[in-house]
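sequence unknown, structure follows:
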């Protein structure tokens with residue numbers, strides 16, 4: 001059975017992840033608190049260098065589901081491979 005994880009990120013200490021958590025709940029997803037990763041770090045920091053995101057990847061297994069409210073929460077840059 002798949003486990004559901006969520007990654008919520010904001011860029012500054014003044015911001016909160018509350019709106020992202022609400023969006024996830026409104027969309028009908030239930031995420032256990034231990035599977036909700038919240039981070040306050042700039043999007044210019046690559047995902048592999050973010051402590052919360054690397055912790056998330058270490059915990060996820062094949063078949064698990066990752067929810068983000070917008071792809072830019074993962075980072076500012078992306079490489080598309082066709």
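It's in. All values reported here derive from a predicted model rather than from experimental measurement.

can you show me the strands along this protein?
4-10, 36-40, 65-67 (DSSP state E).

can you tell me what sits against the shortest one?
If I follow you right, that is strand 65-67. 2-7, 24, 27, 29, 31, 56, 60 (C-beta atoms under 8 Å, 6 or more residues apart in numbering). No exception for glycine: its C-beta is placed from N, CA and C like everyone else's.

I'd like to know which of these are buried.
Neighbour-count burial within these applies to 5-7, 24, 31, 56; the criterion is 16 or more other C-beta atoms under 10 Å.

low-confidence ranges in the chain?
For the chain, applying pLDDT under 70 flags the ranges 76-82.

check contacts around residue 3.
Contacts of residue 3 (C-beta under 8 Å, 6+ apart): 35, 60-61, 64-65.

take those residues and lay them out in TSV including distance to residue 16.
Compiled in TSV, those are given as follows (distance: C-beta to C-beta, whole Å):
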residue	distance to residue 16
35	19
60	24
61	29
64	25
65	24
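
run a quick neighbour tally on residue 61.
Counted by other C-beta atoms under 10 Å, the residues lying close to residue 61 total 7.

repeat that for residue 66.
Residue 66, neighbours per other C-beta under 10 Å, totals 15.

my guess is residue 72 contacts residue 44. True?
No: counting by C-beta atoms under 8 Å, residue 72 stays clear of residue 44, with 11.4 Å between them.

could I get the buried ones among the contacts of strand 65-67 as CSV with distance to residue 14?
Listed next are the buried ones among the contacts of strand 65-67 as CSV, based on distance: C-beta to C-beta, whole Å:
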residue, distance to residue 14
5, 26
6, 22
7, 20
24, 21
31, 24
56, 23
